[in-house]
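J.: Quick one, fold the following:
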Amino acid sequence: MRAERQFITQEYVLRLNASPFFMVVDYKGLTVGQFTELRKRLNKAGSEVHVVKNSIFRIAAKEAGVTDLSGALAGQLAVVTGRRDISAAAKTIKTFQAEFEKPKLKFGYLNNQRLETAELTALADLPPLEQLRAEILGLMEAPAASLLSVLEAPARELVWLLQAWIDKQSASQT
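T.: Below you'll find the predicted structure:
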């Protein structure tokens, strides 16, 4: 392999190893302007997209430990990687695809587990990670708040009872 090709392959190996996920999209038919817009939107979602030659990506994926590509690399493909949330990247691609009818999601990997188009679309439909965290925190907090309310009830009722007795004593003295 030529030194230039080897350098590019190593660059993709590093990208794949640094990202917990990657998605392969078919970008055929996208104009340069549309591809630039997709790149900007993915950047806002904490991801990036790179056009890569299929043969180079196949070698890089194999070196990164991804072995099950089973003939899926055909056509004009680009690879989306990121360090944050796969659902945000998938949502960005899905929204972009709804606007421009391109690119098409082919498949992806999340922590070395292959995801097909339907699974990536389901990830795109998930709420943002921050919202999911808030919902989980709310679910965890609700039982504690209920328990605290139950534990406070006898003391609160005792205070009301004492206040009623004090009010009755005050009323009888006047």
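J.: now the helix or strand containing Val79, how far from the chain's geometric center?
T.: Assigned by DSSP states H and E, Val79 belongs to strand 77-82. Averaging C-alpha positions (C-alpha atoms, centre = their mean, to the nearest Å) puts strand 77-82 15 Å from its chain's average.
J.: hmm, who's touching that strand?
T.: Strand 77-82 is contacted by residues 12, 15-16, 18-19, 21-27, 42, 45-52, 54, 57, 88-89, 93, 103, 106, 108 when judged by C-beta atoms under 8 Å, 6 or more residues apart in numbering. No exception for glycine: its C-beta is placed from N, CA and C like everyone else's.
J.: rerun at 6 Å
T.: 15, 19, 22-25, 27, 46-47, 49-52, 89 (C-beta atoms under 6 Å, 6 or more residues apart in numbering).
J.: what's the closest of those to Gln113?
T.: The closest of these to Gln113 turns out to be Phe22 (C-beta to C-beta; 11.7 Å).
J.: thinking again about what came up before, neighbouring strands of the strand holding Val79 in the sheet, and parallel or not?
T.: Strand 77-82 pairs in its sheet with strand 21-26 (antiparallel), strand 47-51 (antiparallel), by DSSP bridges.
J.: Write the ChimeraX selection for whichever of the contacts of strand 77-82 are buried.
T.: What follows is the ChimeraX syntax selecting those of the contacts of strand 77-82 that are buried according to 16 or more other C-beta atoms under 10 Å:
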select :15,19,22,23,24,25,27,47,49,52,89
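J.: Please tabulate the contacts of strand 77-82 in CSV and include distance to Trp160 as additional columns.
T.: Formatted as CSV, the contacts of strand 77-82 follow (distance: C-beta to C-beta, whole Å):
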residue, distance to Trp160
Arg15, 65
Ser19, 59
Phe22, 62
Met23, 60
Val24, 66
Val25, 65
Tyr27, 69
Gly46, 53
Ser47, 57
Val49, 64
His50, 68
Val51, 72
Val52, 71
Ala89, 56
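J.: that older thread, export the strands paired with strand 77-82 to a markdown table and append columns for distance to Glu152 and mean pLDDT.
T.: As requested, the strands paired with strand 77-82 are exported to a markdown table (distance: least, C-beta to C-beta, whole Å; pLDDT from 0 to 100):
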| stretch | distance to Glu152 | mean pLDDT |
| --- | --- | --- |
| strand 21-26 | 46 | 89 |
| strand 47-51 | 47 | 91 |
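J.: Cheers, nothing more for now.
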